[in-house]
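> Below are the sequence and a predicted model for it; my questions follow.
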Amino acid sequence: MFENNDGLVILSRPEPQMCGGTYATQNTNAPTAIESQKIVYFDVKTALGGMVCVNPAMQQPLRFNYVSAFAVPTADGGSFLCLHTRPVNAYNEPDRIAFALIKEDVFPALDRLVRAHELAKRNGSHSYTNGLPQNFGGNVDIEYESGEAISFSNNQSPILSPAAANEIADFFEKALGGEKIPLPPIDALREIRFCESRENGGFSRATLTLESDGTGTNRKEQCFDPGQVYRSEKAVDEQTVTAIKRTVANCGMFAWEKLPRSRCVIDGEKTITFVFDDSSEITVTNHKALPVTLSGGFFGIELEMITKH
């Protein structure tokens, strides 16, 4: 066991070049009691597949073998929620993914749920076992307005009890049924603009105009060297346009404008602007706080408009 000056205790670690093995740490500076009551970021994932299908303490069947719940507040006092669940009988039933912008501030109630299940008690504990074919556990990452945080993870076994997982899923399912913040319908979309500006003065820009027959036209210009701009114009078939619109809808991209900035920024600043029939616009960036379930939407649009066309 080794402890550094930041309070990080290494409980176990594989030998160099060893296949498999577990790297486990405990941050002794991580608080096990949180003073703040205002959550600003909630991301909880847990597999439950290794547990029995009946929980004696709850006297009810285990509903899921995977639960992922994500929530962030919006600037106008609402909430963005995303719930991804996988049923116990995953072979016969598909995963369910639901998300919504709602007018209700769910975070006071969500904080009470976190405290009821004493999630802070495991704060700072992380364990990663190499070589597992999938994540059999999960992670808890919760941040408060005060800067306090709860973070623990384990990829070998479930990190939440069935009772906690079921209650979190129930909470999100009920909240997702609340009053929604209206968003434009996907059929009202008429143009998509992509823009990336690079530090050396270079850029990539593209405008995809959606035609009335379901096809599109992608006009692109890129600058990699000062003074040299490459331009192109290509037709986009109906199948590709449909796939792009499906990505936008399935990833909830019209809602991204209201979301806070991501805690982790690893790429340059990029934007996508959606233009609608009434000339209104929604602009989103690639640095939004999002669940993994939805975050791939930005790259999917960039791939089609910049790389493929």
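Happy to help now that I have it. Worth saying up front: this structure is predicted, and the values here are computed from it rather than measured.

> CA only for contacts and neighbour counts going forward, please
Noted.

> quick one: the helices in the stretch 101-250 of the chain?
For the stretch 101-250 of the chain, applying DSSP state H, counting those that start in this stretch gives helices covering 107-116, 162-176, 238-250.

> which other helices and strands contact the last one?
Going back to what we said before, that points to helix 238-250. For helix 238-250, the packing partners by 3 or more C-alpha pairs under 8 Å, 6 or more residues apart in numbering; DSSP states H and E come out as helix 297-302.

> picking up where we left off before, ranking the helices of the stretch 101-250 of the chain by burial, who's on top?
Counting by mean count of other C-alpha atoms under 10 Å, helix 162-176 has the highest mean neighbour count of the helices of the stretch 101-250 of the chain, with a mean of 18.

> what does that one rub up against?
Counting by C-alpha atoms under 8 Å, 6 or more residues apart in numbering, helix 162-176 makes contact with 46, 48, 55, 58, 62-64, 67, 69, 81-83, 85, 98-100, 102, 106, 113, 117, all of which sit outside it.

> ok, back up a step: looking at the helices of the stretch 101-250 of the chain, which is nearest to Asn135?
The minimum distance between Asn135 and those falls on helix 162-176, with 16.2 Å, by C-alpha to C-alpha.

> before we move on, the earlier item: list the ones among the contacts of helix 162-176 that fall in strands.
46, 55, 64, 67, 69, 81-83, 85, 98-100, 102 (DSSP state E).

> on that earlier part again, export the helices of the stretch 101-250 of the chain to CSV and tack on mean pLDDT?
Shown next, in CSV, are the helices of the stretch 101-250 of the chain (pLDDT from 0 to 100):
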stretch, mean pLDDT
helix 107-116, 97
helix 162-176, 95
helix 238-250, 97
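
> give me the number of residues near Thr209?
For Thr209, the count of nearby residues is 20 (other C-alpha atoms under 10 Å).

> next one: Thr217
18.

> what sits against the closest residue in space to it that isn't next to it in sequence?
Closest residue to Thr217 apart from its sequence neighbours, by C-alpha to C-alpha, 6 or more residues apart in numbering: Ala235 at 4.6 Å. Going by C-alpha under 8 Å, 6+ apart, Ala235 touches 215-218.

> pLDDT score assigned to Ala235?
pLDDT recorded at Ala235 is 97.

> hang on, the earlier thing: just the buried ones among the contacts of helix 162-176, please.
Among the contacts of helix 162-176, those classed as buried by 16 or more other C-alpha atoms under 10 Å are 46, 48, 62-64, 67, 69, 81-83, 85, 99-100, 102, 106, 113.

> So which residue of the protein lies furthest out from the middle?
Gly227 (38.3 Å; C-alpha atoms, centre = their mean).

> re earlier: and of the contacts of Ala235, the nearest to Gly124?
Taking C-alpha to C-alpha as the measure, Gly124 sits nearest to Asn218 out of those, at 47.9 Å.

> residue contacts, that closest one?
Taking C-alpha under 8 Å, 6+ apart, we find Asn218 in contact with 206-209, 233-236, 305, 309.
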